[in-house]
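A.B. asks: Structure, please.
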Amino acid sequence: MNNLYFDLLERSENLCYDKKKKETIEKNIRTWRDNHLNSSEQFFDLRVAKDKLTSLRDKSLHNLNNIDIEFEKKFIENGGEVSYALSNKDVAEAILRILKENKAKNIVFNSSSLLEDLAIKETLRSKDYVVTELNIGNIVAELDSNINYNEHFTLHTISKDFKDIKKLLSNRYGIPDTADERDVINAVSEYNSKKIVSSDAFISGVNALILSTGSVVLFDNEGAMAKVQTYSPIKIFIATVDQILSNIEDLELYLPMYSSYSYGMRMISNCLVISGVSKNNKQAGARVHLIITNNNRLSVMQDSTVSSVLRCINCGACLNVCPIYKCGSGSLYNNPYVGPVGIVMTPLLKSLSKYNFLPNLCTLCGECTNICPVKIDFPSLVIELRRKIVEKGHCSSDDENLVMKLHKRFLKRKKLDRRSYRFKNRKLNRFTIPWNEWAELPKFAEKSFAQQYEKMRSKEK
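C.D. replies: Residues are numbered from 1 along each chain as shown. Sure thing, here's the model as predicted:
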């Protein structure tokens with residue numbers, strides 16, 4: 001096993017038994033669940049809606065070959081500029097080139113899992129650019145030193161209660177102790193508005209790309225994205241090839257389904273569809289750039305055994321029902337892609353050998369598949385990944401040898417039955433990681449089942 005695996009073990013020991021954090025996560029998830037049940041009532045038949053959205057995503061993924069022909073042509077016709085990037089380094093270089101060409105220094109930023117994975121914000125700050133995060137959830141994650149990445153795709157503050165959030169934001173935004181939730185939101189919005197007005201450029205991930213119209217789609221609940229469209233002259237969007245939607249009419253289903261499963265809302269507050277530079281735009285030098293990155297998505301698409309994971313719309317619903325995620329939230333994974341999606345996506349997109357331990361963070365309970373709006377069969381994908389890891393020799397030889405030895409030992413059942421229960425308990429304690437004070441290991445009975453059964457039969461005779 002590599003250092004990432006041992007780092008995970010160390011983090012899990014601290015996170016899984018943080019009682020306050022787990023209670024906060026459970027409370028926030030209960031709120032989401034209640035809101036989701038209410039918002040899903042807008043669909044006449046939720047099962048049919050899921051089937052349609054799944055079909056819509058599959059159809060879109062089959063159109064990936066047209067993204068560099070049809071989409072690019074229409075986006076350029078609308079006044080936008082498109083560039084492609086094969087690697088993380090190419091994305092960073094393209095962004096730095098655009099900023100340098102336009103002499104941009106003050107950047108407003110909207111993080112996403114993709115941008116966290118590409119480490120764009122860190123790259124810009126290392127080059128002395130002034131970067132201001134706009135999303136409140138991302139700001140909280142940025143201020144908390146205990147969070148390496150956003151803890152959730154949409155509910156970024158899932159492990160925080162309001163008191164924790166207000167404490168983190170108070171110094172930067174001058175929030176008084178008597179402030180309520182609305183006061184906090186207003187203080188952050190007012191601060192960000194000043195930054196947006198004086199900004200030179202805006203950088204953001206996207207929620208979808210519309211193939212038929214050559215458009216970029218952004219969802220926003222806080223209003224900052226709409227202000228940016230008015231004041232920031234340079235807009236840079238970063239998307240992956242799998243975020244494509246075939247037609248703008250697809251948003252009629254996609255938008256309410258995403259709203260319900262991500263935030264538990266009937267509809268997102270703002271849906272921005274950006275097709276390029278408006279002909280009526282009076283801003284001097286206004287430009288819209290779109291960088292489309294492969295980021296290993298096409299190689300995943302070509303593998304039919306795991307390609308269904310690319311249907312994901314990043315709603316985060318699967319995280320809210322995952323028993324492993326609930327133990328330590330996103331901090332457990334130390335990666336931008338967390339939960340059931342993360343344990344499948346990270347090995348596929350990055351390295352199967354380096355992240356060979358992630359598919360084992362799954363109980364195969366299937367709750368993630370039951371809630372998924374695009375019907376991704378996560379247990380089957382996890383089993384397939386485990387098979388690939390073993391077949392390609394990426395599993396630990398030490399673990400494999402230990403399992404084989406235990407397997408051979410337990411096959412000798414008669415010899416084991418003759419051993420005393422005290423001997424069995426000693427062996428169980430030796431080969432099992434201690435459970436600490438939160439739980440106790442089960443104990444072997446004084447007599448085995450075979451012995452108890454034999455005694456019962458003799459009494460019946």
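A.B. asks: mind listing the helices for the stretch 1-150 of the chain?
C.D. replies: For the stretch 1-150 of the chain, the helices defined by DSSP state H, counting those that start in this stretch occupy 3-15, 19-39, 46-61, 72-77, 88-101, 113-118, 120-126, 136-143.
A.B. asks: any idea which of those scores lowest on pLDDT?
C.D. replies: Mean pLDDT across the helices of the stretch 1-150 of the chain is lowest at helix 3-15; the value there is a mean of 78.
A.B. asks: who's in contact with that helix?
C.D. replies: Contact with helix 3-15 is made by 21, 327-329, 331-334, 354-355, 357, as judged by Cβ atoms under 8 Å, 6 or more residues apart in numbering. For the C-beta atoms, the positions are set from N, CA and C on the backbone; glycine is no exception.
A.B. asks: try stretch 32-40
C.D. replies: Contact partners of stretch 32-40, identified using Cβ under 8 Å, 6+ apart, comprise 46, 155, 259-261, 263-266, 317, 320.
A.B. asks: Tell me which two of these sit farthest apart.
C.D. replies: Spatially, the most separated pair among the contacts of stretch 32-40 is 46 and 155, at 20.8 Å (Cβ to Cβ).
A.B. asks: between the two, which one's more packed in?
C.D. replies: Shown here are residue 46 and residue 155; by other Cβ atoms under 10 Å, residue 155 has more neighbours (23 against 14).
A.B. asks: Mind checking which residue lies nearest the centre of the protein?
C.D. replies: residue 337 (4.0 Å; Cα atoms, centre = their mean).
A.B. asks: residues in contact with residue 25?
C.D. replies: Going by Cβ under 8 Å, 6+ apart, residue 25 touches 158-159, 326, 329.
A.B. asks: Please produce TSV containing those, extended by neighbour count, distance to residue 30 and pLDDT.
C.D. replies: Listed next are the contacts of residue 25 as TSV, based on neighbours: other Cβ atoms under 10 Å; distance: Cβ to Cβ, whole Å; pLDDT from 0 to 100:
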residue	neighbour count	distance to residue 30	pLDDT
158	25	11	86
159	26	14	84
326	18	11	88
329	25	15	82
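A.B. asks: Now flag whichever of the residues you listed is closest to residue 76.
C.D. replies: Closest approach to residue 76 among these (Cβ to Cβ): residue 158, at 39.7 Å.
A.B. asks: how much space between that closest one and residue 180?
C.D. replies: With distances taken as Cβ to Cβ, to the nearest Å, residue 158 is found 20 Å from residue 180.
A.B. asks: What of residue 102?
C.D. replies: To residue 180, residue 102 is 40 Å away according to Cβ to Cβ.
A.B. asks: Between the two, which has more neighbouring residues?
C.D. replies: Legend: neighbour count by other Cβ under 10 Å for residue 102 and residue 180, higher for residue 102 (16 against 10).
A.B. asks: which residue packs closest to the more buried one, ignoring adjacent ones?
C.D. replies: residue 234 (5.1 Å; Cβ to Cβ, 6 or more residues apart in numbering).
A.B. asks: rewinding a little: could I get the phi/psi values of the residue nearest to the centre of the chain?
C.D. replies: phi -100, psi 110 (degrees, to the nearest 10).
A.B. asks: OK, contacts around the spatially closest residue to it that is not a sequence neighbour?
C.D. replies: The shortest distance from residue 337 to any non-neighbouring residue, by Cβ to Cβ, 6+ apart, is to residue 345 (4.6 Å). Contacts for residue 345 (Cβ under 8 Å, 6+ apart) come out as 309, 312, 337.
A.B. asks: between those residues, which is closest to residue 132?
C.D. replies: residue 337 (24.9 Å).
A.B. asks: The closest one against residue 112, yeah?
C.D. replies: No. With contacts counted by Cβ atoms under 8 Å, residue 337 stays clear of residue 112, the gap being 11.2 Å.
A.B. asks: Report pLDDT for residue 435.
C.D. replies: 54.
A.B. asks: One more: the one 5 residues further on?
C.D. replies: Per-residue confidence for residue 440 comes out at a pLDDT of 69.
A.B. asks: Residue 383 too?
C.D. replies: Among the per-residue scores, residue 383 holds a pLDDT of 94.
A.B. asks: Now for it, how many residues are close by?
C.D. replies: Counted with other Cβ under 10 Å, residue 383 comes out at 14.
A.B. asks: burial count for residue 217?
C.D. replies: Neighbours around residue 217, by other Cβ under 10 Å: 22.
A.B. asks: what's across from it in the sheet?
C.D. replies: Residues in a beta bridge with residue 217, per DSSP bridges, are residue 208, residue 273.
A.B. asks: contacting residues around it?
C.D. replies: Residues in contact with residue 217 (Cβ under 8 Å, 6+ apart) are 206-210, 245, 251, 271-274.
A.B. asks: ok, now how distant is it from residue 18?
C.D. replies: Residue 217 sits 37 Å away from residue 18, taking Cβ to Cβ as the criterion.
A.B. asks: Same check on residue 34?
C.D. replies: 24 Å.
A.B. asks: Tell me which of the two has more neighbours.
C.D. replies: When residue 34 is set against residue 18 and neighbours are counted by other Cβ under 10 Å, the residue ahead is residue 18, at 17 against 11.
A.B. asks: For the more buried one, which non-adjacent residue is closest in space?
C.D. replies: residue 328 (7.6 Å).
A.B. asks: The one you found against residue 16, yeah?
C.D. replies: Yes. Between residue 328 and residue 16 there is a contact at 5.4 Å, judged by Cβ under 8 Å.
A.B. asks: Any regions of the chain where pLDDT drops low?
C.D. replies: Within the chain, the ranges that satisfy pLDDT under 70 run 1, 66, 68, 145-150, 278-285, 396-403, 406-407, 409-418, 430-440, 460-461.
A.B. asks: And the strands in it?
C.D. replies: Using DSSP state E, the strands of the chain run over 81-85, 106-110, 130-133, 201-205, 208-210, 215-220, 234-240, 244-245, 270-274, 287-293.
A.B. asks: sorry, back to before: so which of the contacts of stretch 32-40 sit within helices?
C.D. replies: 46, 259-261, 317, 320 (DSSP state H).
A.B. asks: Count residues in the vicinity of the residue nearest to residue 102, would you?
C.D. replies: By other Cβ under 10 Å, 22 other residues sit near residue 234.
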